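Take a look and give me a structure for this.
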Amino acid sequence: MENIRLMEYEPKSMLVVKNKEVSLPCLPVLDVHTHLRGANPNNGICDMAALIKQMDNNGVKCVVDLDGFYGAELDRSMRAKEGYEDSIITFSTVDFSKADDVDFEEKTRREITRAHGLGVKGLKFLKSLGLGFKWADGTYIRPDDKRIQVIWQTAAELKMPVLIHIADPKAFFEPLDKYNERIEELAGNPTWHFGKEEYYQFDEMMQMQENLLTDNPNTTFILAHTGNCAEDLGFVSDLLCRHPNANVDIAARIQEMGRQPYTAREFLIKHQDRVLFGTDTLLSADDARNPFENNRNYYEFLETYNEFFPANAHEQQGRWNIYGVGLPLDVLQKIYWDNAINCIGGK
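Residues are numbered from 1 along each chain as shown. Prediction:
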């Protein structure tokens, strides 16, 4: 028998099933989790007409661009999208490079208020808040740190939802050994591994998320990637039950939800008013593919009972296929559109 390395192993399934082909959603879609990479013509939104056409061709009526950035980059991003406000909603963020400055709170409040005045509808925070940005003493800035409370308070005052990505798949915090189910991805992307002692660990990050929701009951949160814990939908369900200010998107997590279709379907129906459609679509100038091409996998997952199909058309995440959950039309209406409008505000 030929010796084959795990990373070279690409088995072809012998399974024969009759799956329904899905290329477009059954209803208009508002994608709350896309990255349009600002107004840089070499890496982001430059040909707006082409972008809107790509959206239309894939059933996407509107997207939330989470790459509004801040300061001058925000200004450029907003100028690039002038006239397309019905199709693109912008979320901005905060500059943590001077978090130790005595006037950080004042400047942050002023920048968020300025962004709101420019038409920004919400705020977005990456996992770099907790696993990247540091205080001057070298410790990582926790999302629940009281010294940055001004962010969540200002968002509440301006009725701006906060979409926040805390942590990563649980396997990314586990040892790199034979038991790690995502070791292939981590071998190819070593910076995704947070199992080192220097980082806050997964359970700590989940507690920070809990604290954030508890300490800011008037702030609307959209917890990215199925509450940042799609491997444990019971945990996420309990979180939603405890915190009426919490919502989740499903971006880049159908590979987790689709391998537990019974549990996922029950979760999505139970929390049908709190789940938002998102894909984590990334617009990149060096990629000739339609950035919304992978949406069809999401539509297939949500709308059909199809069996054993890939979660991602281009890059498999985890060595498994997924199954559809066949949601009712009224639930799809909420997840595809209504819940996003309720969180972000009417268009």
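
Please state the backbone phi and psi of Trp152?
For Trp152, the backbone dihedrals are phi -70, psi -30 (criterion: degrees, to the nearest 10).

what separates it from Glu181, distance-wise?
34 Å (Cβ to Cβ, to the nearest Å). Heads up, the C-betas are built off the backbone N, CA and C, glycines and all.

And the helices in the chain, which stretches?
48-57, 71-80, 104-118, 128-131, 149-157, 183-188, 202-215, 224-227, 233-242, 254-257, 261-270, 295-303, 329-333, 339-344 (DSSP state H).

Quick one, which of these gets closest to Val22.
Nearest of the helices of the chain to Val22, taken as Cβ to Cβ: helix 295-303 at 4.4 Å.

Give me the angle between the closest one and helix 261-270.
Angle of helix 295-303 versus helix 261-270, following axes from the mean of the first three to the mean of the last three Cα atoms, to 10 degrees, is 80 degrees.

what about helix 295-303, average pLDDT?
The pLDDT scores in helix 295-303 average 97.

Summarise which helices and strands that helix is packed against.
Applying 3 or more Cβ pairs under 8 Å, 6 or more residues apart in numbering; DSSP states H and E, we find helix 295-303 packed against helix 254-257.

For the helix it packs on, which outside residues touch it?
Identification of contacts with helix 254-257 by Cβ atoms under 8 Å, 6 or more residues apart in numbering yields 169, 226, 230-231, 233, 250, 264, 267-268, 297-298, 301, 311-312, 316-318, 320, 322, 325.

do you know how far the closest residue to Arg274 other than its chain neighbours is from Gln317?
If the residues on either side of it in the chain are set aside, Arg274 comes closest to Asn247, at 4.8 Å by Cβ to Cβ, 6 or more residues apart in numbering. Distance from Asn247 to Gln317, counting by Cβ to Cβ: 23 Å.

Looking at the two, which is more packed in?
Asn247 (24 against 17; other Cβ atoms under 10 Å).

Confirm for me that that one is in contact with Phe221.
Yes: contact criterion Cβ atoms under 8 Å: Asn247 and Phe221 qualify, at 6.7 Å.

okay, and the common contacts of the two?
Pro161.

In contact with the nearest residue to His225 once chain neighbours are set aside, which residues?
In this structure, His225 finds its nearest non-sequential neighbour in Arg253, 4.9 Å apart by Cβ to Cβ, 6+ apart. Applying Cβ under 8 Å, 6+ apart to Arg253 gives the contacts His225, Thr226, Ala230.

just Ser237 next, same as before
Phe267, Lys270, His271.

Go again with 6 Å.
Phe267 (Cβ atoms under 6 Å, 6 or more residues apart in numbering).

How much space separates it from Gly258?
17 Å.

try Leu27
Counting by Cβ to Cβ, the gap from Leu27 to Gly258 is 20 Å.

between these two, which one's more packed in?
Gly258 (26 against 17).

What is the neighbour count of the nearest residue to that one once chain neighbours are set aside?
Spatially, and ignoring its direct neighbours in sequence, Gly258 is nearest to Ile322 (2.5 Å; Cβ to Cβ, 6+ apart). Neighbourhood size, Ile322 [other Cβ under 10 Å]: 25.

Ile322 and Asn312 touch, don't they?
No: if you go by Cβ atoms under 6 Å, Ile322 and Asn312 don't touch, sitting 9.6 Å apart.

related to what we said a few turns ago, give the contact list for the residue nearest to Arg274.
Counted by Cβ under 6 Å, 6+ apart, Asn247 has contacts Ile222, Arg274, Cys343.

now these: which count as buried?
Ile222, Arg274, Cys343 (16 or more other Cβ atoms under 10 Å).

Dump these to a markdown table, plus distance to Leu131 and pLDDT.
A markdown table is the format used below for those (distance: Cβ to Cβ, whole Å; pLDDT from 0 to 100):
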| residue | distance to Leu131 | pLDDT |
| --- | --- | --- |
| Ile222 | 19 | 98 |
| Arg274 | 25 | 98 |
| Cys343 | 25 | 97 |
